[in-house]
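Q: Fold the following.
(2 chains)
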Number of protein chains: 2
Amino acid sequence: MKNLKKLTLLSILICLTFPIFAQKAQWIWYPGDFDIYMGNVMQNRRTERGSFFPVFWKMDSHYVLVDFHKEFNLPAAEEVKLFVEGTYNVKIDGKAISGFPKSITIPAGKHKLSLKVYSTAQVPAIFVQGKTVVSDETWLATFEDKEWIDASGKTSDKSGTTFVNAGSWNMTDPLSLPSKFKLPTKPIIAVKTEKINKGFVTDFGKETFGFIKIHGLKGKGKLNIYYGESKEEALSVSHCETLDLLELDLASKTDSVMELSKAFRYVNIQPEGSVSLDSISMLYEYSPVAQRGSFKSSDAELNKIYEVSKYTFELNTREFFIDGIKRDRWIWSGDAYQSYLMNYYSIYDAPTVKRTLWAQRGKDPVTAHINTIMDYSFYWFLGIYDYYQYSGDQKFVQDIYPRMKSLMTYIDGRKNKNGLLEWMPGDWIFIDWADKLSKDGEVSFEQLLYCRSLETMALCAKLANDEASAAIYSKQAAELKSKIFELYWNKEKSALVHSRIDGKQTDNVTRYANMFGIFFDYFTPEQKLAVKQNVLLNDKVAKITTPYMRFYELEALCAMGEQPYVLKEMKSYWGGMLKLGATSFWEEYNPEKKGDEHLAMYGRPFGKSLCHAWGASPIYLLGKYYLGVKPTSSAYQTYLVEPNLGGLEWMEGTVPTNNGEIALSVSKKEIKVKAAEGIGTLRFKSAVKPSVKGAVIKEVAKGLYEMTIQKGVEYVVKYQG
Amino acid sequence: MKNLKKLTLLSILICLTFPIFAQKAQWIWYPGDFDIYMGNVMQNRRTERGSFFPVFWKMDSHYVLVDFHKEFNLPAAEEVKLFVEGTYNVKIDGKAISGFPKSITIPAGKHKLSLKVYSTAQVPAIFVQGKTVVSDETWLATFEDKEWIDASGKTSDKSGTTFVNAGSWNMTDPLSLPSKFKLPTKPIIAVKTEKINKGFVTDFGKETFGFIKIHGLKGKGKLNIYYGESKEEALSVSHCETLDLLELDLASKTDSVMELSKAFRYVNIQPEGSVSLDSISMLYEYSPVAQRGSFKSSDAELNKIYEVSKYTFELNTREFFIDGIKRDRWIWSGDAYQSYLMNYYSIYDAPTVKRTLWAQRGKDPVTAHINTIMDYSFYWFLGIYDYYQYSGDQKFVQDIYPRMKSLMTYIDGRKNKNGLLEWMPGDWIFIDWADKLSKDGEVSFEQLLYCRSLETMALCAKLANDEASAAIYSKQAAELKSKIFELYWNKEKSALVHSRIDGKQTDNVTRYANMFGIFFDYFTPEQKLAVKQNVLLNDKVAKITTPYMRFYELEALCAMGEQPYVLKEMKSYWGGMLKLGATSFWEEYNPEKKGDEHLAMYGRPFGKSLCHAWGASPIYLLGKYYLGVKPTSSAYQTYLVEPNLGGLEWMEGTVPTNNGEIALSVSKKEIKVKAAEGIGTLRFKSAVKPSVKGAVIKEVAKGLYEMTIQKGVEYVVKYQG
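A: Numbers count the residues shown, from 1 in each chain, chains lettered A, B, ... in the order given. This next block holds a predicted model:
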C-alpha cells in the first residue's frame, strides 16, 4: 500500500513541507480511530434550513486511552522528538520518564519505546521522529495493555493483551495535528450576478462546494443567504434546503467567510436593515487527490458525460466518499460502495476508501445494520474485498477483519427460521428509491447480497489467516446459494422472483436480484440469457429511475457484452440530464418527469440532491467495460484488458494501478496498450488475423484473440474490430 | 431515590444556588455517560514521580450523539429555556427549529419536545427549564433513533429504537455545566514547618488531600515539591511517589496553586537558583456529602479507630469511591464494594455509589474483567443488589441491568470444561495481596463469588422484569453451588480447600472461600462451626495482612456472634496502626513488620498507600454488627436492630436511611431506639425479663427477645445484657 499512497497528490504536498524526513515518521493512532472521529466531524456538519441535522444511527468514538510501542535495535544512541495529541507518558523499557518530554535520547542497543496517550476530545495520536526511530504502521497499539503488577512490583507475565498495528494516513508533518485536519480550499469568483429585491443572486456557473466569502460587509441588521443547486431553489427563501441567517452589527467594512461549507450553484443574498455588501466569492473546498484515470472517445456527448461524471465524483470525494454534497453529506455504505469502484478507475485513492470503510463500521457492539440498512451492511463487506483486489492491501483486511466478523455475527443472529433474512424492527430494507417496491417478507435481493457477503467473509478470513472461519463461511455461502435458487428461481418466469411471503413465492419480478445474479456469476449460461431477455431488456418490469441502480443494471448488461446497448442508454439517461442543464449528476432522474418536478424529492420541492456520487457511474462503466481493464489477481499482479468500443469509432484512456497506469488507445483497426504494472492479458475480437510486434497473439476461440502484456512495453496491435 | 438524593448536602447546596426552580429541572444525559466520562477524568489525574500514570484496562467514553425527548400535555403555551452541552437541534413534534435556540415556546396541548445533541469532548447533556416542562429522569434518551424517511418524506413507522430513561445527578444549576464539574475546596494552613537544605518541610498535621498553594513565589530557577504521606517519603527526593518539578521565572511575588491534587501529610519544598517563597498552604478538596452515621462507645481507643476510619473514608470518597488518595486514585471494584458498605453506615450517598458502578463497568463490548480482575467482576454484581437493598432504587437496577447481562455473558463464555472459572490469558486472579497465594487452577474463592453473582443476577433480573433470565440464573447458581461443595469441601479438613489443579483438590486451605461461605450463608450450621474453628480461629492457616480481607474475616466472625473477639482484633489491628502514628488507615498492615518496612510495597520504599478506603471497615462492622442495624427488605421498609456490645460498657450511634436515621443507645441495662423509617425488629438477649413502654416484647427463644419498632417512636427498653 505504500506505493499506492505515495502517488496521491496530498502525500506529495505534505512531504514537501517536511522534506528532511519525508516518507518516514507519520502520525499514528489506533487503527480506525481517526477515521471514526473524522466521520463524526464530517457527518455532523449537515444542516437543513439552519438546523443541525445529524445522522440517526449510532456514532462511535475513538478509544480514549491508547498505548503505543515498538522495539528498536539501535547501533548508536539516538535523539528522538515526540509530538503527541493528548496527555501522555513515555517509557523506555517500561520505565517512565518524568513529565511530558518533547525530546528523549534512547541509548544504543535493543530498547522498547512506549507512549501511552489519553484524550477524549481528540484521537490519541503520536508522531515520533528520530534518525531511525520513527512512528509508522509497524508500531503496535492497544486500548488495554493489562499490565498489572504484583505486591512485589513484578509486572504480569501472563499477558492477554491484543496488540494491533497502528493506523495512519500519510500525515507526515508533526506540526499539523490530526485533530486540526481540514481539506484545502481555493478562491473562486462568480460567473454572474443579478439584482433581486434588496439583494442579488450570484451564479457560480456550475454546481460547486465550499464557503461563501462576503466582501465589504457593513451595517446593522440581518443578512440572509439562501443556497440553491438550482436558481429556483436559491430564489425560494421559504423552501431552499440550506441557508445562513446572520445577525450583524459592523461599523466598518469587513470580509467574512461562512463557517459551514455548503453545496450550491446559485446564492441568493438578501440584506435587511442597514446591512450592505460589495460582492461575494467562494472558497472551493476539495480533496487534493490526483486525477489519474481518463477516457476520451469519438463521441462528444459521451466525453461530456464522462467529464461531468468525474466532476460529480470529485465534489463528492471529500474526507470520505459521501452521498451528495447538499444532502445528506453522510457516509452511506451503498453509495460509497459505488464510489470505491469509480475511484479505482479515476483517482485510485486508497486512504479515502479505507477511511470510509472504517467510519461506516464504527465500533462494537453492533446494534444495527450499517446506516441501519440491511443491504448497506452487505455492500460494506463487498467493498473490503474489492479494495483488496484492486490495491493488494492485505494489512487493511487484517486490521478490519475483527469488525467484519462481529458484524457478520450480528447478521447471523437475525436469520429467521428458514435461515433467511427479513425485516425486523430497526432494519431498513432500502434496495432503491422506487415507488411501490415491496420490502415485506424474505426479499431475494437481500439473500443474494447476504450470500455474496459470506463468500467475501471466506476470502477475507483467509487473508486474515483465520482458516477455520473461512471454511465455515464458505459452507454457509454454498448452502445459502442453493437455497436461493431452490426458493426464488421461477422456471415459468425464468427469473428470480422478488420475494417470499409466508413461505410462498410472490408473483413479482424485479430487476434487483436478477441483475446482481449476473455479475455475481450465480446463473448458468442459460439462466443468464433468459434473465437478460425476460428482465433486463423487458420494459414490462418496473424501470429503474435512480443512477444508483442503473449502475448495476448497466453493469449486468455490460458483463453480458451489451456495450452497444448500454452506450445508447448512457447517452439517453446521463445525456438527458445534461440536456436539462445539469452541471453534475443527480440523485434521481426520471425522464418522464417535467420542469420543477426534477428538483423535488422526499415531499420537498428542492429535496433532491443534484450532485450525487452515485450519478457518476459512467466513470466505472467506461473504465471497466469499454476500456475493459480489470485485475484478475490482487493489485493488478495479473489483469485483463478486453476493450469494447460498443459502437464508438475510437476511444483512449488510462486506468490507474499502484505503480503507474494502464494506457489504452483503441480504434476499429488498432489497439495500443502500455502498462506500468503486472502481467496483462489483452483479449479482443478480430475479423482478420491480427498482428503485433514484440508479442505472440493466440486465437483462443473462433475470432477471439489473446496476447500477454509485459510491464513497460508499448504494443500496437493491428486488427479489425 | 429522590428522597435519598435530597438528603445529601451537595444537593442542598446546589438547590440554594437556583432556588426558584429547585428540585425540578436537572442536567440529564444518556444514563452512565457522565459517570464514565468523569471516571476517565478522575482516573487520569494520577501521576507517579511526575509521569502520567493511567489505568491499564479499556477506558470507554460517552455516546457522542444522543437524542432526548419527552411528551408534554400543556394547559397553556409555555416558554422553555434550553441549555445544552454540545451542538444540537430542537424539534417540536418532529419539526426542527432553525439554529440553536436558547428559548422556545411550546404551544398548548400535547406536544413532543426533542433535542438531539452531538459532542465528542463533553458528555451530550441538556437542561430544559419551563414552568412545567423540565428535564429530568422521566425523559427518554437513545443513541440511535433510527428515524429514516422514505422517498416521499414519510418517517419510518417500524421503529426498532430502544429508549431508556435519562441519567442525572442533581445538577440543578443550568449555568454549572457538567463538563466543568469540580469538587469544592477549602483553604487549610500547615501545622508546622521545618527548614531542610535550601527549603523546608511542612507538616499538615495529618494525612490530607488537595492542591498546594505557594505564597510569595519569586525568582528564576526550579522549585521542586516532594510529597510524603510520611516524613520519610517527603524527605526522599529520589523515592517519594509524587512530586512537582517546576521551572520558574517570576519577576515579582505571586501566589500559585498546583494544577494536580496530591495526597500528603508532609511537603518538602526545595527551591533552586534565585527562587524563593514565603510559605505554603493548601486547598483541601472534598466531596460535600453529609456525615450521617455515627458511633461512640465506652472505649476511647475504639472511638479513635472509628473517627480515623471515617476520615480515611472521607478522603477516599471523591467523584467516586477510590482505593487510595496517593495511589492508585482509581476506581477498583473490590475496593469500591467495601466503600459502598461503609457508605450505608456513614454518608449514605446514593449518587457516589451509582457513579462508581457505572464508571467501573463502562460500555460494551466487554473485553476484560472489571479492572481486569476476575473477583472484581463479581464484586460489581454484588454491589448492585446491595445498593438496591439499602436504597430501594429499582430504576438504577433497570438502567444498568443490560450491562450486567453482557458482563455475565462474557463470564459465561470463559468457563472451562468443568463449568468452572480458572485463569485465562488477560485474567487477573487477585483475591488479596498475600505472599505465596496460589492463583493456579480452579480457585474455590472465585467459584463462590461466581455463584453469588449468579444469585444476584437472578434477583436483579426480577427487578428488571426479565423473569425468563431470572429462572436461568437461579438454576445456574444452584447447580454451581452444589458443584462447589461436591468438589471443594474436604470432610477431613472440614473446610473448603483453596483450589483444584488438574481436576484434583489441592491440600491447601485458605481463609478466603471459607469466610465468604459464612456470610453468604452457604454452609450448614455444622459446617459453619467447623470452619470457624478449623480456619478462622486457626493460627496455622495463613494470616491476612490487609484490612481488605480482614474486612470479610471479621465480618464472618461477627456473623457468627464473635463480636467480643472481633472487638479485640479491631483494637489490636487498627489500634496497632494508630500506635505507629497513623492518621488514616493503610493499604496493608502486618504487625510483624518494623519501622520503615511499614512504608514499603511493590518493591518501592514508599509504595504503600497510607490512606486506603479498605482500611476504614470498622465503620461497617460497628454499624452492622455492633449497633446491629441492617435492612431485611429494600430501603429499610423492614429492618433488624440486633445490638451487640461485644464487651463494651455502652455504645450509641446512628444509621442513616432514606428519610432519616435509626438512632440507638445501648448499655448493659438499657436500649434506646428511635427510627425515622420503616418497621423494625429489635432483637436482643437479656438475662431478665425485659420491659418497655409502648411496645410488646416477645421471647422468641430462651433468653432471646424481639419487639417491633414503629416509625418516629422512641423506645426505652430495660433489660440485662
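Q: Contacts only, for the closest residue to A:Q637 other than its chain neighbours.
A: Sequence neighbours aside, A:G678 is the residue nearest to A:Q637 in space, at 4.9 Å (criterion: C-beta to C-beta, 6 or more residues apart in numbering or on different chains). For every residue, glycine as well, the C-beta is placed using N, CA and C. With contact taken as C-beta atoms under 8 Å, 6 or more residues apart in numbering or on different chains, A:G678 is in contact with A:P631, A:A635, A:Y636, A:Q637, A:T638, A:Y639, A:T657, A:K711.
Q: what's the residue lying closest to the second one once chain neighbours are set aside in contact with, if anything?
A: Think A:A635. Setting aside the residues directly before and after it, A:A635 is nearest to A:G392 in space (C-beta to C-beta, 6+ apart), at 2.7 Å. Listed by C-beta under 8 Å, 6+ apart, the contact set of A:G392 reads A:M1, A:S634, A:A635, A:Q637, A:N658.
Q: okay, A:G392: pLDDT?
A: Looking at A:G392, its pLDDT is 97.
Q: roughly how far apart are it and A:P75?
A: 33 Å (C-beta to C-beta, to the nearest Å).
Q: any chance you could map the helices in the stretch 451-600 of chain A?
A: A:467-488, A:511-519, A:525-531, A:547-559, A:563-579 (DSSP state H, counting those that start in this stretch).
Q: mind checking the backbone torsions on the residue nearest to A:P547 when sequence neighbours are not counted?
A: Using C-beta to C-beta, 6+ apart and skipping residues adjacent in sequence, the residue nearest A:P547 is A:G615, 4.5 Å away. Main-chain torsions, A:G615, degrees, to the nearest 10: phi -80, psi -10.
Q: Just list the residues touching the residue in the stretch 51-200 of chain A positioned nearest to chain B, thanks.
A: Nearest to chain B, among the residues of the stretch 51-200 of chain A, is A:G160, at 2.0 Å (C-beta to the nearest C-beta). Shown in contact with A:G160 (C-beta under 8 Å, 6+ apart): A:K146, B:A368, B:M424, B:P425, B:G426, B:D427.
Q: Count the neighbours of A:K693 for me.
A: 10 (other C-beta atoms under 10 Å in any protein chain shown).
Q: and A:I214, which of the three is it?
A: What DSSP: H, G, I helix; E, B strand; the rest coil gives for A:I214 is strand.
Q: Any idea what it is bridged to?
A: Going by DSSP bridges, A:I214 is paired in beta bridges with A:S256, A:I280.
Q: which ones are touching it?
A: Counting by C-beta under 8 Å, 6+ apart, A:I214 makes contact with A:L223, A:D255, A:S256, A:V257, A:M258, A:I269, A:L277, A:I280.
Q: Please give the element, helix or strand, for the residue of the stretch 301-450 of chain A found nearest chain B.
A: In the stretch 301-450 of chain A, the residue that lies nearest chain B is A:G426 (2.0 Å; C-beta to the nearest C-beta). Assigning secondary structure by DSSP states H and E places A:G426 outside every helix and strand.
Q: I figured A:A600 hits A:S609, correct?
A: No - contact between A:A600 and A:S609 fails when scored by C-beta atoms under 8 Å: they sit 11.7 Å apart.
Q: how much space is there between A:E661 and A:C558?
A: A:E661 sits 22 Å away from A:C558, going by C-beta to C-beta.
Q: Mind checking which of the two has more residues around it?
A: When A:E661 and A:C558 are compared for neighbours, A:C558 comes out ahead with 24 against 19, by other C-beta under 10 Å.
Q: Could I get the contacting residues of that one?
A: A:V566, A:L621, A:K624, A:Y625, A:N644.
Q: on that earlier part again, helix, strand, or coil at the residue of the stretch 51-200 of chain A closest to chain B?
A: Under three-state DSSP, A:G160 falls in the coil class.
Q: Find the nearest non-adjacent residue to it, please.
A: In space, and not counting its chain neighbours, A:G160 is closest to B:G426: 2.0 Å by C-beta to C-beta, 6+ apart.
Q: my guess is the one you found meets A:S159, correct?
A: Yes - B:G426 is within contact range of A:S159, at 7.1 Å (criterion: C-beta under 8 Å).
Q: Got the domain ranges for chain A?
A: A:2-180, A:185-285, A:294-624, A:633-718 (automatic domain parsing).
Q: what's the closest of the contacts of A:C558 to B:G99?
A: A:L621 (43.2 Å; C-beta to C-beta).
Q: Just the pLDDT for that closest one.
A: The score at A:L621 is 98. That number is its pLDDT.
Q: Let me know how buried it is, in neighbour terms.
A: Residues near A:L621, counting by other C-beta under 10 Å, number 27.
Q: give the contact list for A:T638.
A: Per C-beta under 8 Å, 6+ apart, neighbours of A:T638: A:P631, A:T632, A:G678, A:I679, A:G680, A:T681.
Q: Show me which of these is closest to chain B.
A: A:P631 (35.5 Å).
Q: Which residues are in contact with the closest residue to the closest one other than its chain neighbours?
A: Using C-beta to C-beta, 6+ apart and skipping the chain neighbours, the partner closest in space to A:P631 is A:Y639 (4.8 Å). Residues near A:Y639 by C-beta under 8 Å, 6+ apart: A:629-633, A:657, A:662, A:675, A:677-681.
Q: can I assume A:V541 is in contact with A:T510?
A: Yes - applying C-beta under 8 Å as the test, A:V541 and A:T510 come out as touching, 6.7 Å apart.
Q: Out of the two, name the residue with the larger neighbour count.
A: A:T510 (26 against 16).
Q: quick one: pLDDT of A:G130?
A: Looking at A:G130, its pLDDT reads 95.
Q: same deal with the one 3 residues further on?
A: Per-residue confidence at A:V133 stands at 96 (pLDDT).
Q: what about it, distance to A:H111?
A: According to C-beta to C-beta, A:V133 stands 9 Å off from A:H111.
Q: what residues are shared contacts of these two?
A: Contacts common to A:V133 and A:H111, judged by C-beta under 8 Å, 6+ apart, are A:F72, A:L74.
Q: Which one's more surrounded, those two?
A: Between A:V133 and A:H111, counted using other C-beta under 10 Å, A:V133 has the larger neighbour count: 20 against 17.
Q: check contacts around that one.
A: A:K70, A:F72, A:L74, A:E78, A:V80, A:I106, A:L113.
Q: Disregarding residues adjacent in the polypeptide, which is nearest to A:L578?
A: The shortest distance from A:L578 to any non-neighbouring residue, by C-beta to C-beta, 6+ apart, is to A:K304 (6.2 Å).
Q: I figured that neighbour hits A:K579, correct?
A: No - judged on C-beta under 8 Å, A:K304 makes no contact with A:K579 at a distance of 10.6 Å.
Q: on that earlier part again, distance to B:G383 added to the domains of chain A, as CSV?
A: Shown next, in CSV, are the domains of chain A (distance: least, C-beta to C-beta, whole Å):
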stretch, distance to B:G383
domain A:2-180, 21
domain A:185-285, 46
domain A:294-624, 23
domain A:633-718, 52
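Q: Can you say which of these is nearest to B:K532?
A: Per C-beta to C-beta, nearest to B:K532 of the domains of chain A: domain A:2-180, 28.0 Å.
Q: which of the contacts of A:G160 are buried?
A: Buried by 16 or more other C-beta atoms under 10 Å in any protein chain shown: A:K146, B:A368, B:G426, B:D427, out of the contacts of A:G160.
Q: So A:S339: helix, strand or coil?
A: Three-state call for A:S339 (three-state DSSP): helix.
Q: For the stretch 101-250 of chain A, which segments count as helices?
A: Using DSSP H, counting those that start in this stretch, the helices of the stretch 101-250 of chain A run over A:231-235.
Q: For chain B, what is the nearest residue in the stretch 601-721 of chain A?
A: Among the residues of the stretch 601-721 of chain A, A:G603 lies nearest to chain B; the distance is 3.2 Å by C-beta to the nearest C-beta.
Q: ok, back up a step: who has more neighbours out of A:A600 and A:S609?
A: When neighbours are counted by other C-beta under 10 Å, A:A600 and A:S609 differ, and A:S609 comes out ahead with 26 against 15.
Q: Got the phi and psi for the more buried one?
A: According to degrees, to the nearest 10, the main-chain angles of A:S609 amount to phi -80, psi 130.
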